[in-house]
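S.K.: Quick one: sequence plus predicted model below, questions after.
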Amino acid sequence: MVWIIVLTAIYFTIADLLRFCKAPKEFCTDPLKLLEFMGTTLLIYNSLYSVMNNDDFTVEFWRIQALICFFIYFRLVMILKYFENISYLIKMIIEVVNDMSAFLVVLFVAVLAFADAFYSLD
């Protein structure tokens, strides 16, 4: 079963590398494509790690596996935007995230400031 996963991940990695060779500037400036590439690369790494360690799953394995799940579902959402019935919802989510980016930066700084203040009090 692991080899099927590895072969599928290698296929997607090769497809991403071919996209990179066609338009390297576009590939590197688009964070969505980089996230997809990271997901497939981590999948190959984790699958080979489990094979080499005789399925001895450590904490690091499961942490990487959690990231892989996030990247796989992210890729699924990106694939769903090509379906006509769902595409407007996905585009709406992307626009909302883009509009909220400035607010999230301010929120992150505020949370970081409070965390630092409470850490200093402790």
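M.R.: Arrived safely, thanks for sending.
S.K.: Endpoint to endpoint, stretch 50-61 covers what distance?
M.R.: In stretch 50-61, first residue to last residue: 8 Å (Cα to Cα, to the nearest Å).
S.K.: In that stretch, which residues are buried?
M.R.: residue 50 (16 or more other Cβ atoms under 10 Å). Where C-beta positions appear, they are placed from N, C-alpha and C, glycine not excepted.
S.K.: how far does that stretch sit from the chain's center?
M.R.: Distance of stretch 50-61 from the chain centroid (Cα atoms, centre = their mean, to the nearest Å) equals 21 Å.
S.K.: if I look at residue 84, how far off is residue 43?
M.R.: 29 Å (Cβ to Cβ, to the nearest Å).
S.K.: try residue 65
M.R.: Residue 65 is 9 Å from residue 43, by Cβ to Cβ.
S.K.: more neighbours, the two?
M.R.: The neighbour comparison of residue 65 against residue 43 (other Cβ atoms under 10 Å) goes to residue 43, with 24 against 16.
S.K.: okay, stretch 28-47 in CSV with CA atoms only?
M.R.: Only the C-alpha atoms of stretch 28-47 are listed here, as CSV (Å, rounded to 0.1, in the frame of the first residue of the first chain):
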residue,chain,number,x,y,z
CYS,A,28,7.8,30.4,-7.4
THR,A,29,5.6,33.5,-6.9
ASP,A,30,2.4,31.5,-6.5
PRO,A,31,2.2,30.3,-2.9
LEU,A,32,-0.6,27.8,-3.8
LYS,A,33,1.7,25.9,-6.2
LEU,A,34,4.5,25.9,-3.6
LEU,A,35,2.1,24.4,-1.0
GLU,A,36,1.0,21.7,-3.4
PHE,A,37,4.7,20.9,-4.1
MET,A,38,5.5,20.8,-0.4
GLY,A,39,2.7,18.4,0.3
THR,A,40,3.7,15.8,-2.3
THR,A,41,7.4,16.1,-1.3
LEU,A,42,6.5,15.5,2.4
LEU,A,43,4.3,12.6,1.4
ILE,A,44,7.2,10.9,-0.4
TYR,A,45,9.6,11.6,2.5
ASN,A,46,7.1,10.2,5.1
SER,A,47,6.2,7.1,3.1
